[in-house]
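A.B. asks: sequence first, predicted model second:
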Amino acid sequence: MKIAILVSGRGSNLQAIIDACIQGELSSKVVIVLSNKEEAYALKRAKNLGIKAEYFKEAELEKHIIESHADLIILAGYMKKIPEDLLNNFKGKIINIHPSLLPKFGGKGFYGMNVHRAVLADMRLDSNRGKKYFSGATIHFVNNEYDEGDIFLQEKVEITDCMSAEEIAKRVLEIEHKLLVKAVKKLEEMEER
Ligand code: GRF
């Protein structure tokens, strides 16, 4: 598959996908990385790996995607909604990674560390004390509501011993990278059939 990756920040998930392509774990190719933030570190990472990477203005998103001939769009830490036209033209071909076990801790306001802070607060509730507590990551198809599209893959990780939101974020991020590669692999296999 030809993959376009949309980013807004750090780009560690982007790196996981590109690495898996380079190492031959995935047969796809990342054809373009697009960021709505000019200063996103993800753009630097992609360029360093020889991948075309550009800052874009929202009105030109679809044009960039079409020109890249991408047939899968991955939102990897992309913080904006996808325009309606693009959603309609790429039905079932846009996936997002979210750092919680959706439908829990998803939707407006649940992004970045907010997610993990809310998870930590929930874990600390009396009713949960003494029990194993899990967070995790979710890959879902994208629709016009934040984090509400159909769930494609999910993986949980125990965080009972985590003392801070930062610790939870770190633990979840490790499984995010693996899960995202797994999701692309699964989509590749579905495409081959
Ligand atoms: C990840 O936690 C992802 O689940 C969320 O934003 C974060 C992006 O991290 N949507 P990175 O930019 O891939 O390092």
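C.D. replies: It's in. As the structure is a computational prediction, the values presented were derived from the model and not from experiment.
A.B. asks: spatially central residue for the chain, please.
C.D. replies: The structure's the chain has its C-alpha centroid closest to I97; by CA atoms, centre = their mean the separation is 2.7 Å.
A.B. asks: pLDDT wise, what is the residue nearest to G77 when sequence neighbours are not counted at?
C.D. replies: Leaving aside its chain neighbours, G77 sits nearest to G9 (5.0 Å; criterion: CB to CB, 6 or more residues apart in numbering). C-beta here means a position set from N, CA and C on the backbone, and glycine is covered the same way. pLDDT, G9: 97.
A.B. asks: wait, G9 touches K37, no?
C.D. replies: Yes: using CB atoms under 8 Å, G9 is in contact with K37, at 6.9 Å.
A.B. asks: name the residue in the two with the higher neighbour count.
C.D. replies: G9 (18 against 15; other CB atoms under 10 Å).
A.B. asks: who touches K186 in this structure?
C.D. replies: 152-153 (CB atoms under 8 Å, 6 or more residues apart in numbering).
A.B. asks: where along the protein do the helices fall?
C.D. replies: Taking DSSP state H, the helices of the chain run over residues 12-22, 41-48, 61-68, 84-89, 113-123, 165-192.
A.B. asks: highest mean neighbour count out of those?
C.D. replies: Ranked by mean neighbour count, the helices of the chain are led by helix 12-22 with a mean of 20 (mean count of other CB atoms under 10 Å).
A.B. asks: between it and helix 41-48, how big is the angle?
C.D. replies: 20 degrees (axes from the mean of the first three to the mean of the last three CA atoms, to 10 degrees).
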